[in-house]
Every structure is written in structure tokens, then in C-alpha cells.
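**Student:** Sequence first, predicted model second:
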Amino acid sequence: MSGIKAERFAGWDEMKKGRREGALLADFDAGFVEAGRKSLVVVTASDVLGSRAHHPQPMARAWTPAFEHPEVPEPGGVVIHLQRGLAVLEGLQTFDMGKGVAREMVRLEFAGDDAVLVPPADLALVWPYAGEVGKLTLDKADGSTWWGRRGEAEREIQNAAKDLAKHIAKRRRRRAPRLVAPGPAYERFVTRFPYFTTPDQAKAIQDVLDDLASGHPMDRVICGDVGFGKTEVALRAAATVALSGKQVAIAVPTTVLARQHVATFRKRFGPLGIEVGNLSRATSAADAKETKEGLRRGKLKVVVGTQALVSKDVKFGDLGLVIIDEEQHFGAAEKVKLSSLTKGVHTLWMSATPIPRTLAAGLAGFRDLSVIATPPVHRLPIVTKVAPLSDAAIAAALLREQRRRGQSFLICPRIQDLEPMLARVQAAAPDLRIVCLHGRLPADEIDDRMMSFVEAEADVLLATNIVESGLDIPRANTMVVCWPEKFGLAQLHQLRGRVGRGGTRAFAYLLSESSSGHSEKRLAVLEEFSKPGAGFAISERDLDLRGAGDLFSERQSGHVQVFGPVLYSHLLKQASEKTDDRAGDLWVPDLNLPIAEMLPTSYVQSKNMRLEIYGRVARCQREDDLDDLEEETARRFGPLPAGARDFFAVARLRLDCKRRGIVRLDAGPEAVAATFLPGRLRKVKSKSLQRDGDRVVYASKQDEKPFERIEEFIGILDE
């Protein structure tokens, strides 16, 4: 409100009493008028700034996704110790050191049942490894079987890092049009979105808009769970490009998804007078010809299509953006064809469960990555159950949903499975109304059958995974998948995402005939990650189980297998950024202090929880990260007792020691001594310090507390 001097009010009641121009910090999503003898007009930031006003989603709750700390190892899992090799992390072990002092150590088991105890700080050197106990050969505890493999893998990482750095530098040198949509038209487009953006969704939108305006080609992966709002990100990106006068191509894997997107895009772009074309096998010859002509002349600004978009007779007049939705469904050959569209233009990849190679590329920095992990309000976890396949189990699940006036999906892996399954279900539950659907039906027939289910003319949709990406049906809240071992993890998660869209508790039943241990482990992942936002976690576990292959070639395995995908991505990213944090430079200062460096067991009672906190503390690179973790610990477990405060104080001291190059710090009753990395100890001027090579000793007062003596010692070093 330029030109108006507004008084700031502390609360709504004070504002109402004043009845004059004023400013108030309040959670209003839109302005309104309160009638009275003297009307009160409320104008919000959203009314003035539109989408530029950062408004958090009402009731948005902090959500801790399963993938938030993928780098923290878990008890019983296979880990990689950077100095010793492959081991099994057995957990924590507490020792009584006498005089009421206890100490906690991490127990690692190596080959030959040899165990090594390491302090919690050494978890900075311990990373989770992708593999199952019993299927891997553990290394010897002394590291003798490990160093050869590690050296070769480190050289490979350095080479890969050079390629990655070249790729990133080349991408930054390439130019692309700076695309910024006209403000008023873009705001009209945004206001037609009927929901509030979630915090993660708003950040992803901003990331994409920044990329489009950067002057460099965008190459970004949007990873968001099923129903978390990826399409809105794509819509706003498309609006920015189309309103800037350039063309947008949206590539999708199936005709069903193409039809859904065409309807969605036309609904949003129609009021702006922007046409949306469609190119798929369901498009008539006349419509396809008209669409191709519009694209060639540059008059048609937005087109949605399947692989028909890369046909030789499809030419674009002024293509600015390519959006590839459900990228995990496109094979390597199909992506090569799509790459012919993406040369020199902005590219946006979208997936709920990106394939391991795409995810690894995002984690390593080969592509930019935005994650939408915040669930919409009222979204409930889907109850996922793995059970043996039987007619009784199928009928029980379907009838249960019918009794609560809902609908169900019944999924089979192959078209030839549908007819026998229909006969089995009709015999077990004859009252159920069932409609069948698969990809070999004529396009019109697919539409008719799908719409009959949407309009509640059937209780059960018996289908192949053609419904994996399809219409939102709030009434459908049970998913039964037969022979789930024949599907990929990402496919199963996508199928499960078809239910639970309307705020009703949903159920997913995975009914298997397989007794394979590997299949059971894969299906158990879906049971473990059943919360909203689990798609990224499932992709990471898929990356663990399958590996990423080589990011710079078509090889399906590489030195990722030596370090594991999490550590490999970390080392590759660090090496490509030319930091000093290579595998050989990851070291932990050794602190010998008269202090119990552990969280009191009476404060954090769970061993697994203490192990998680130890692991996260060991990963902290800055004091700010440590402060945030200390605050989080206090919120979760209550005010920190003295022992917990000492634990975090030692962690800060260790960060300071590493920054100074101190590899060992000893604090005894009479002196403090520090050993430095070669060349890191500056010339000592103070007479109170005694130097012997890279070691310096300070004789301190005995009546001072350990931290006071160390602080005094460091202060003298800094003089």
C-alpha cells in the first residue's frame, strides 16, 4: 500500500478497535470485508502479490520422510568403513570405565567373526552399503582385503568426477532463452489452482522458475510422490514458457495418461486462449495432421503426447521446454529418441519413483533435483499388507471395500491373467460388479470402461498396470495386486498411489505366490515405506538393491558397488566440486578428554535412537548443523541434561579441531596437548606452550574444568 502510513497492530482485537489503516501479521489466505457501522476491509499479501506471496500451507505439518537421513547406518545392516572395508554394524555397546564414568562404542563385525569397537565419532567413516548379510564377503578387520579395491575405486571416482565437472561446466556455458512470464497473465493462471501449494511444492516451483530465467538450459528432476502436486509444477513451468511465446512439449508413456493431461492442461490454459494439442494413438488422423501443422508454424503452443512427439514428421516452430512425465516408464532407447527434442531447450523430468540411474544422477549433481515430500493436508498413510495369494483373500478385501460403499482395483501382471482371475472372483464373490481393462483394447473402449468405473457403475476395476498412471478416483480405496513379485518396486508404489486420494483410509494388499527370499525383501520395502512421501525412499532402496550403473555410459555396474550408492554419490559430488573431502581426506580428530562422550541412557533410552543421533552428529559439517540437531534433540526428548550438553560440546570441539588440522587432542589433569597435521601448526610465540615437531603442550591449572583449559589453550594458539 504505497503512500499509506500503516500502524502495526499486535492482534486482531486491537486492529478492530482501531478501525484505521494498519498492518497485522496473520494467517489469512485471501482478503475480505467485515460489515459493520464502519466496514473493515482486509487486504492480504496474496491479493497484492499473487503467487509471489510466500504463504505456507494451512495445517502443513512437519513431516519426517523415511529418506531424510539415508546416510545414517542402521543396526544389523551392512556398512562400509572407509579404513577397514565391509562389515556388519551390530549396534552400540556400553562400558563402565570406573569412577561412575561410562562410555559407549559402536560394534562392527568383520570377516571371521572378528569384531572391532569404534567410538561414535567414527561413524563419520561408516556408511550404509547396498547389500544383504550373507550375500556379501566381509573384509578383514585390519583392512588388508579392502585397500586394493578402495584405491582402484577412488581413481575411478576421480575420473568420473572430472567427467561430471566437465558436464556441469558445459551445461553452464550453454545458453538458453531467459523465460519470464508476463506478471498479470501468469497470476491469472495461478489463481485457477484450487489448493494451497505445500512448502516443498512451492520450492520446486520456484526452482523451476529460477532455472527458466537463468539463461542456461534447465535439466531438473522433480521427484514427488503420487498425488503430491508434480503436475502443478509442470503446469506453471508450461505457462511461463507458453506466455513467453515459446512452445511446450509434454511427453508421457501411455495414452491414458496423455488423455488425463490433455484434459487438465486444457482446463487451465483455456481461459488464457492457449490451445493444447494431443498426439497419441488415440488421436484421429485429421486432428494429428492439424496438430502437427500448428506445431510446425509455431501457432500451437502446448502439446501433450506419447512417443508420437518424436516422429520424423513432427517439427516445432520454436520449442522452449520439454517435460517428461513418469520418466521411469521410458526405456533407454525411448529416452535417446526424446533427447533429440531436448537439445538446446529446457528439460523437466518428473517421477514419483525415478529409476536408479536418474536418481543417482540427481544425487550426484549430474542433474538438478527437487523433492516434493510434504503430503497434502488430510493425506493418510496407505495400510500395506503382504500375504499369500488365495481366492478367499481376494474376495475378503474386495467385499470389505464394497461394504463401506467404496471401489477397488484388482491388478494382474499380464493380459492373459485377466479372464481366469475374473472367473475366480465371480465364483468367490458373485455380487461384485466388475469391469476389465487392458492396453490392447481400442482407445474408445478404454475410455468407456474407465468412465463407467469413475461413475461408480462397477465395484471393481480388474486391470493390468495400465491404471498405474490414470484418473484420480476418491471413492477407490482398496488396491489388490496379484503376483506382485512380477512388478518392479516403483510400479507397485505407483499402483498403490491410485488409492487413498480422498482422505479415506486406504488399503493395499500384495498377494504373492513366491517363496523367494529376495522377492519377500523387495515387497517388505513397500510395507516399511507406507507413509505419504515414500516414493523417494523406495527409489533409494531400489538404488541400493539394483545399483545405478555408470552415469557416463550404458554400463550397468561400476565402482558404485565398491563404496555403495550413498557413499559413492557423496564422494563423486565432493570430487566434482574439487573440495578436499575425498575418501582419503575423511578423517576424525581423536579427542581424549575426561568426559563421557555419550548421550545419557536415561535421557535417550533407545539404543537405536542414540545410534541415529550419533550418526547424524558425526555427519555434521558446520556448527549451524550441530545447533539445529541439538535443538531438535531437546524438542524430541526434553531439556538436555548435563551429560547431553557435554556430548554436543565435544562434537563442536571436534569440528573446531578438524578445521584447525588437529588430529589428536589430549586433556589431562595437568596439561593439554594437541598434535597437528604436518604443516598446519603455525609458529608458537607464547612461552607457556612447549613445541615438539607437530605437537604442542600447554601446562594448565589443575583446578580448571576441562573445557575451560581447552578454551584457554586454543586462545593462546590464536594469539
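**Tutor:** On my side now, so go ahead. Residues are numbered from 1 along each chain as shown.

**Student:** Report how many residues lie close to the spatially closest residue to Glu109 that is not a sequence neighbour.
**Tutor:** Nearest residue to Glu109, sequence neighbours excluded (Cβ to Cβ, 6 or more residues apart in numbering): Val88, at 4.6 Å. Any C-beta I mention is one placed from the backbone N, CA and C, and that applies to glycine too. The number of residues packed near Val88 is 20, by other Cβ atoms under 10 Å.

**Student:** could you say what helices and strands the helix or strand hosting Val88 packs with?
**Tutor:** Using DSSP states H and E, Val88 falls within strand 85-98. With contacts taken as 3 or more Cβ pairs under 8 Å, 6 or more residues apart in numbering; DSSP states H and E, strand 85-98 sits against strand 78-81, strand 101-109, strand 115-118, helix 607-619.

**Student:** Mean neighbour count, the ones you listed: which tops it?
**Tutor:** strand 78-81 (a mean of 24; mean count of other Cβ atoms under 10 Å).

**Student:** What pairs with it, parallel or antiparallel?
**Tutor:** Note on strand 78-81: by DSSP bridges, its sheet partners are strand 85-98 (antiparallel), strand 126-128 (antiparallel).

**Student:** Roughly how far does the residue nearest to Arg405 when sequence neighbours are not counted sit from Asp225?
**Tutor:** Among residues not flanking Arg405 along the chain, Arg475 sits closest, at 7.9 Å (Cβ to Cβ, 6+ apart). To Asp225, Arg475 is 21 Å away according to Cβ to Cβ, to the nearest Å.

**Student:** Could you do Arg414 as well?
**Tutor:** Distance from Arg414 to Asp225, counting by Cβ to Cβ: 27 Å.

**Student:** More neighbours: which of these two?
**Tutor:** Neighbour totals were compared for Arg414 and Asp225, and Asp225 leads with 28 against 11 (other Cβ under 10 Å).

**Student:** per-residue pLDDT, that one?
**Tutor:** Asp225 carries a pLDDT score of 71 in this model.

**Student:** With Phe487 instead?
**Tutor:** Among the per-residue scores, Phe487 holds a pLDDT of 85.

**Student:** these two touch, right, it and Met479?
**Tutor:** No. Using Cβ atoms under 8 Å, Phe487 is not in contact with Met479, being 12.0 Å away.

**Student:** which residues do these two both contact?
**Tutor:** Jointly contacting Phe487 and Met479 under the rule Cβ atoms under 8 Å, 6 or more residues apart in numbering are Leu495.

**Student:** okay, and the helix or strand of this structure with the least pLDDT?
**Tutor:** helix 535-546 (a mean of 54; mean pLDDT, DSSP states H and E).

**Student:** Need the CA coordinates for stretch 196-203. CSV is fine.
**Tutor:** Provided in CSV are the C-alpha atoms of stretch 196-203 (Å, rounded to 0.1, in the frame of the first residue of the first chain):
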residue,chain,number,x,y,z
PHE,A,196,-2.6,-24.2,-1.4
THR,A,197,0.9,-25.2,-2.5
THR,A,198,2.7,-27.3,0.1
PRO,A,199,6.1,-25.9,1.2
ASP,A,200,8.1,-28.4,-0.9
GLN,A,201,5.8,-27.8,-3.9
ALA,A,202,6.3,-24.1,-3.7
LYS,A,203,10.1,-24.5,-3.5
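
**Student:** as a whole number, average confidence for it?
**Tutor:** Averaged across stretch 196-203, the pLDDT comes to 85.

**Student:** re earlier: determine the angle, from 0 to 180 degrees, between the strand holding Val88 and strand 101-109.
**Tutor:** Here the directions of strand 85-98 and strand 101-109 differ by 160 degrees (axes from the mean of the first three to the mean of the last three Cα atoms, to 10 degrees).

**Student:** what's the longest helix anywhere in the chain packed up against?
**Tutor:** Taking DSSP state H as the criterion, the chain has its longest helix at helix 147-173. When contacts are defined as 3+ Cβ pairs under 8 Å, 6+ apart, helix 147-173 sits against helix 560-563, helix 565-576.

**Student:** Which helix or strand lies directly C-terminal to it?
**Tutor:** helix 183-190.

**Student:** Give me the helices and strands touching that next one, please.
**Tutor:** Helices and strands touching helix 183-190, by 3+ Cβ pairs under 8 Å, 6+ apart, are helix 230-243.

**Student:** Any buried residues in the helix it packs on, and which?
**Tutor:** If you call a residue buried by 16 or more other Cβ atoms under 10 Å, then helix 230-243 has these buried ones: 230-243.

**Student:** likewise stretch 174-187?
**Tutor:** Neighbour counts over stretch 174-187 (16+ other Cβ under 10 Å) mark 176-177, 179, 181, 186 as buried.
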